[in-house]
Each structure stands twice: as structure tokens, then as C-alpha cells.
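>>> coordinates only, no sequence provided:
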């Protein structure tokens, strides 16, 4: 039996991971962690019987403890609880599907404990890739990507015979695909009155609220560019975003000889989740298959950097490196939260990212503490600007 811990079990990736567990029957869930959705978490606990469960909210954790008092399970809370769920159980692999930089500490704790990582929390590498990748090498743990695009790249690279560490240099370019989101083809003027319910209607994928908003602004693709840089050991200028509206090609790799390998499939997150959990084995996955006769053709476009400037800002942050990617991510998290609460307009999301980046003095090689301080400082800057000057309206 493979043993796994899932951080973010009540979210989109977490619930689909548990579907994969249910479909296969040979995975034991050792720990589950969630934010505040204790109703769903209780159902998951009763179905999968983990030894430990974490709820971020301490009050909700107390409620859950009472609700599952008939079961032999330990209930913990907060960051300490999240770290326990990541590192203190018998898991072979930890699925990190929490949203935001909150995932950095438990991911590092899991790696210190020798656990492999099925990585769905892209912010971990965006903000702390310079800490995560050396730690993975030191501890001999694998980081297996769960994002569909990074899983696709990872799968393409498996087609290259690795005879030495120099093999990675055979990658000439990563072609990172994007659907373009629900507002592809619109101008900024046409997007000024967009409401949260509009941005939450993704044309292809079923995802969590925050990542769906990020997809609509192209922030998500910018985060994926920065993540790919660390996962695959390439430079930022070796990563090219290609818009492929149907989300059939999940990403491609161009090698030094000009050959391009692509991974195709229906837009189903259970495929990369299952691949990460069972790598290098492939297993049957129920679901729709590609029908190329019906598909007919696949179209490609250049990304629209003018009307979706967040992608340019991501390249700027990733190229500069240091603490600037943490600012990009923190500013976006703050802005998306305010947008979902209807406190700012849609276009202000990118304006906030730009403002936070422009005033930040880059720390070249930040420690984990400095990364988290940068996050807090970015939140404080944007909060003060929004409340006192309304300079983003």
C-alpha cells in the first residue's frame, strides 16, 4: 500500500486526489489537512480513516474534534498542525494542494522528513525555489509536478534518455500552453466592469476560486513560468507561453535538435494527479478520451501581453529573482482576495501587483524568514495604500 498525506484535501486538487485514491484502492491516506470546511473534511475522515487531520482554524478544529470523537484520530490545527500532517505521519508522498505561500513551511518539513512531494502548490517554488530545489537534492526526495502543464513537461522529458546530469541541457525551450482564460481576445477597456462571477467561469477547467481568477488575469500562467524555471532547471528566456484555447495540448518541450514533444489529453486534473502518485507507473484512468476525428484541429495564438500585463510582470519578477517573485505572488493573493470580496475592480488586481513590485527593494538570496516578511510587508503596503489613498481605484 502506498501511503499519502493530502494538504488541502477539501479543495479542487484535494478532492480529485481522493477520487484517484478511491478508484485505485491501493493507497492509504495517513493525514488530511483543510482550511475551515469541516463538514466535507468529516466526510473524508469517515471515508478514508486517516490517523491525523488538521484544520487551519483553531475553533473549527475544536468543532471537528467533537464531531469525530467516536473515531481514533488526532485533530490538530494551525501551522504546527499542518507541519505535523506533512511530516509526522507514515506517508510516502505528500500532496501539497494548499493555496498560497502557506504551503512553503509544511513542504520543507515534509522534505526534511524524507517524503516525496506531489506538488500542486506552485507558490512554494515561485517564492522559495532557491531553497526547495537544493533541499530536495540534499534529502534525495522527488518533486513530482501535479499542475497539468508541469506534469506534461515532466512526461515529455521522460522521452529523453538520461545518461548523465548533462542531459538536462538538451532542453532548448519549454512551450508552456495556456487556454487564455475566459476573457481571451478582450481589451482592458472591455474588462473594466468584470465581476467575480464572470471571472470564475473558466471555459475548460474546473478549479478553485483563487486559481480560476488567476487564470483569467494570466497571473496563473506567470506563476507557472516561474515554477517551471525551478522544476526543470532552465532560464526564464527558455520558457515560451503559447495560447492553445482548447486545452488539449498541456505543454511541449523543444530539444536542442529541434524535435518537439507534446503531451495531449482531455482537460482532466486526475491524470497528472494519478501520474504523480504512481510515477513511473501508468494506470488506467476512467474518463473521456481524445477523439481526433471530432477535434479536427488545434489552434495556437501568441499571448496578449498588452491587455494581460500580469504575464509580463511575472517574467520581470522571475528574471530579477530574489525576493521579487514573493512580492508578485503576495500582491496577487491580496488583490484577488479583495476582488472576490468586491472591494476592488478587476483591473486593479494587476495594478496592485505592479505597484508592489515597483516599490520593493530586492533581497538577492532571501531566507525563509525573509520571504515570509516580504509577504507580510507586501500585504501591509497594499492595505495602507487601498485604505488611505485609494490609489488603485
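In hand now; what should we look at? The model shown is predicted, which means the values in this text are computed figures rather than measured ones.
>>> I'd like the distance between residue 386 and residue 329.
Residue 386 sits 18 Å away from residue 329, going by CB to CB, to the nearest Å. All C-beta atoms are positioned from the backbone trio N, CA, C, and that covers glycine.
>>> from the chain's centre, how far out does stretch 52-67 sit?
Distance, stretch centre to chain centre, for stretch 52-67: 25 Å (CA atoms, centre = their mean, to the nearest Å).
>>> mind pulling up the pLDDT for the residue of the chain positioned farthest from its centre?
Centroid-distance maximum for the chain: residue 70 at 35.0 Å, with CA atoms, centre = their mean. In the prediction, the pLDDT value recorded for residue 70 is 97.
>>> which residues does the nearest residue to residue 115 once chain neighbours are set aside bridge with?
Closest residue to residue 115 apart from its sequence neighbours, by CB to CB, 6 or more residues apart in numbering: residue 94 at 4.8 Å. Residue 94 has the following beta-bridge partners by DSSP bridges: residue 5, residue 117.
>>> what about the closest residue to residue 185 other than its chain neighbours, which helix or strand?
Closest residue in space to residue 185, ignoring its immediate chain neighbours: residue 304 at 7.8 Å, by CB to CB, 6+ apart. Here residue 304 sits in a region with no helix or strand, counting by DSSP states H and E.
>>> distance of residue 304 relative to residue 146?
27 Å.
>>> tell me which of those two has more neighbours.
residue 146 (26 against 18; other CB atoms under 10 Å).
>>> ramachandran angles for that one?
phi -110, psi -30 (degrees, to the nearest 10).
>>> what residue spans form the domains of the chain?
2-145, 152-295, 321-389 (automatic domain parsing).
>>> quick one: low-confidence residue ranges for the stretch 251-393 of the chain.
387-393 (pLDDT under 70).
>>> show me where it has its helices.
In the stretch 251-393 of the chain, the segments counted as helices under DSSP state H, counting those that start in this stretch are 270-278, 292-295, 310-320, 324-340, 348-359, 368-384.
>>> most tightly surrounded among the ones you listed?
helix 324-340 (a mean of 25; mean count of other CB atoms under 10 Å).
>>> so which of the helices of the stretch 251-393 of the chain comes closest to residue 173?
helix 310-320 (14.5 Å; CB to CB).
>>> that older thread, the residue nearest to residue 185 and residue 246, how far apart?
Counting by CB to CB - residue 304 and residue 246 are separated by 17 Å.
>>> mind listing what's buried along the helix or strand where residue 43 lies?
Using DSSP H and E, residue 43 sits within helix 38-48. For helix 38-48, the neighbour count (16 or more other CB atoms under 10 Å) marks 38, 41, 42, 44, 45, 48 as buried.
>>> the first one against residue 65, yeah?
No: using CB atoms under 8 Å, residue 38 is not in contact with residue 65, being 9.7 Å away.
>>> so how far is stretch 279-298 from its chain's centroid?
23 Å.
>>> all the strands of the stretch 151-300 of the chain, in order from the start?
Listed in chain order, the strands of the stretch 151-300 of the chain (DSSP state E, counting those that start in this stretch) span residues 171-178, 239-243, 249-255, 260-264.
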